[in-house]
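Colleague: show me the folded form of this:
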Amino acid sequence: MIETIIRENPISYKRTFVINGEFIVSLLFGFFLFLSFFEVYLQGIFGVFTRYYLFIFLVVIVICIPRLRLRWYHLVYLAWFAYKIISALWTPNLYIARLHLVSHAGMTLLLILTTSVNFKKRTSDLFVQILWLSSFLTGILFVFLKRPYHGVNINRQVIYLFGMEMDPNNLAAFLVIGIIISVYYIIKRRLRLLSILVIIVNIYSTFLTGSRGGLVALVLSTVILILFSTKSKIIRPINIILLMALLVIAFIYLRRFIPESIYNRLFNFDSYEGGSGRVDIWINALSLFGENSLFWGAGWGAYFGYQGFEVVVHNTFISMLVDVGIFGFVLFFGPIVVASFILFKRRNVLPVVLLFNSFVLSLFLDTINKRFFWIPIIMLFIDYNLLSSSEVGEEVTYKGELIYD
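Modeller: Predicted coordinates for the structure are as follows:
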C-alpha cells in the first residue's frame, strides 16, 4: 500500500510515497470488485470491456508481483479446471462447455493469481469496504431507477440503466452483500449510522426484486452472522434480542412499503414448493447423474437437452455433480470447506457468511459463471492466507518498488 514517511526537520516536511506491487494489484482488484456490481449496465455503453480489464489485471499481477506464492488449494483448482475440460470429451452436448469455457478459465485464473498475492489485513478490510459501498450504491440506484423486470413483470423490480437490466436474482445477491456487511459493522460498533441506512435501502431494494432465493439467503446469513460474529464462543442474549428486533422491524416495514403482489410472491410459501419449475429440472438432471458414473460425472453440460430439457439446472451444486461427478465436486468445494472451517473456528465469520449467502442463492441458480459466486470465494481465501501467514510469522517483501518524491 502507499506508505507515507514524514521526516521532521526545522525547515520542512518531506513526504515519500512508495508504490509497490501490492498497491497496484490492490487498486486494480478493488476496481474489479466495484465493476462486478455494475458490469451488466456498463455493457450498454462500453460492451463487454470487463473481459479485457480482467485479462489486463491478470497480466499486471504476474508482472508486478514477482514472488507469487503457489498454495495447496491452487493445485486443487487447477486439477478441477483441467478435469472439467477433460470431461467435455464424453459429454453428449458441448453447448454449455462452449458457452462457459472463457468465463471458467478467467475466474479460475483470477482465483489462483489473486490469492497468490500476500495482501495485508488492512487491504482485505479495504476490499470489504468496497463491496459494502458498491452494494449500497446499487441499492441507491435501485430506488431511483427501478422498473418492472423486462418492463412488464410488476412482481419483480430491477434497475434499468443505459438500456440494460440485471436478472432480479443476481441483483438481489449483490444487494444482500451490503446488508450482511452492515450487520457485521453494527455488531462490531463501526459506522453504525451509515450501516443502518444501508440496511434500510438494501432491504427495501432486495424485497422489490421479488427474489425468494435472496430472501432465504438474507435471513439465514443474518442469523448466522448475529449468532457467531463475536469472539466469545457463548451466544450472548443481546444478540438474540437484536435478531428478534430486526425481524419484527423488517416485517412491519415490509407490510407497509412493499406492493401487495411482491409481498405475496415472497411470503406465499406454498408457491416455493415447485420453485418455478426448478424441481422438475433438478429431478431430470439427477436422473442423468444416476444413470452415469457417480464418481466421474456425465460430462460438462451433459444435462442440457437431456430428455428435452434445454435449460440450465438452476442449481450450481447439482450442475457440478452432473458435470464432473463426486470427484470434481470434492475438488472444487473441498478447499472451501477446509478454509471456512478454519476461519469459522477462529471466529472470523464475515467471509464465511458472505460465501454462505452466495451458496444459498446457488441452490436456486446456476452461478458458476457469476461474479457474486467467485468473489466471496476469493475473499475467503484471502482471509485464509492472512491467518496462515500470521501463524507461521511470515514477513513478505516485494521487489521492483517504484518510489517517487
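Colleague: buried residues in the helix or strand hosting Leu110?
Modeller: Leu110 belongs to helix 95-114 when assigned by DSSP states H and E. Neighbour counts over helix 95-114 (16 or more other CB atoms under 10 Å) mark 96-97, 100-101, 103-104, 106-114 as buried. (Each C-beta comes from the backbone N, C-alpha and C, glycine too.)
Colleague: contacting residues around that helix?
Modeller: Helix 95-114 has contacts (CB atoms under 8 Å, 6 or more residues apart in numbering) with 25, 29, 51, 54-55, 57-58, 61-62, 68, 74, 77-78, 80-81, 84-85, 88, 91, 300-301, 303-305, 312, 368-369, 374, 377-378, 381-382.
Colleague: stretch 198-206 now?
Modeller: The contact list for stretch 198-206, computed with CB under 8 Å, 6+ apart, reads 132, 135-136, 138-140, 142-143, 146, 172, 175-176, 178-179, 181-183, 214-215, 218, 250, 253, 257-258.
Colleague: buried among those? Need that as a selection in PyMOL.
Modeller: Filtering the contacts of stretch 198-206 down to the buried ones (16+ other CB under 10 Å) takes a single PyMOL command:
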select buried, resi 132+135+136+138+139+142+146+172+175+176+178+179+181+182+183+214+215+218+250+258
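Colleague: quick check: Val60 touching Ser26?
Modeller: No. Contact between Val60 and Ser26 fails when scored by CB atoms under 8 Å: they sit 11.1 Å apart.
Colleague: the more surrounded of those two?
Modeller: Neighbour comparison, Val60 and Ser26: the larger count goes to Ser26, with 21 against 17 (by other CB atoms under 10 Å).
Colleague: quickly find the element holding that one.
Modeller: Counting by DSSP H and E, Ser26 is found in helix 21-46.
Colleague: and that helix, how far out from the chain middle?
Modeller: Relative to the chain's own centre, helix 21-46 is displaced by 14 Å; criterion: CA atoms, centre = their mean, to the nearest Å.
Colleague: buried ones in that helix?
Modeller: Quick answer for helix 21-46 (16+ other CB under 10 Å): 21-30, 32-33, 35-42.
Colleague: repeat that for stretch 325-342.
Modeller: Using 16+ other CB under 10 Å as the test for burial, stretch 325-342 gives 325, 327-329, 331-333, 335-336, 339-340, 342.
Colleague: Phe119: which of these is nearest?
Modeller: Nearest to Phe119 among the buried residues of stretch 325-342: Ala339, at 15.0 Å, using CB to CB.
Colleague: which ones are touching the closest one?
Modeller: Contacts of Ala339 by CB under 8 Å, 6+ apart are 73, 380-381, 384.
Colleague: if I look at it, how far off is Leu111?
Modeller: In this view, Ala339 and Leu111 are 12 Å apart by CB to CB, to the nearest Å.
Colleague: got it, and Gln43?
Modeller: Using CB to CB, we find Gln43 at a distance of 23 Å from Leu111.
Colleague: then Ile86?
Modeller: Applying CB to CB to Ile86 and Leu111 gives a distance of 19 Å.
Colleague: right, and Leu54 touches Phe32 too?
Modeller: Yes. At 7.0 Å, Leu54 and Phe32 qualify as touching, with contact defined as CB under 8 Å.
Colleague: of the contacts of Ala339, which pair is most distant in space?
Modeller: Tyr73 and Leu380 (10.4 Å).
Colleague: the residue lying closest to Met164 once chain neighbours are set aside: what's it in contact with?
Modeller: Excluding the flanking residues, the one nearest Met164 by CB to CB, 6 or more residues apart in numbering is Gly44, at 4.1 Å. Counting by CB under 8 Å, 6+ apart, Gly44 touches 161-164.
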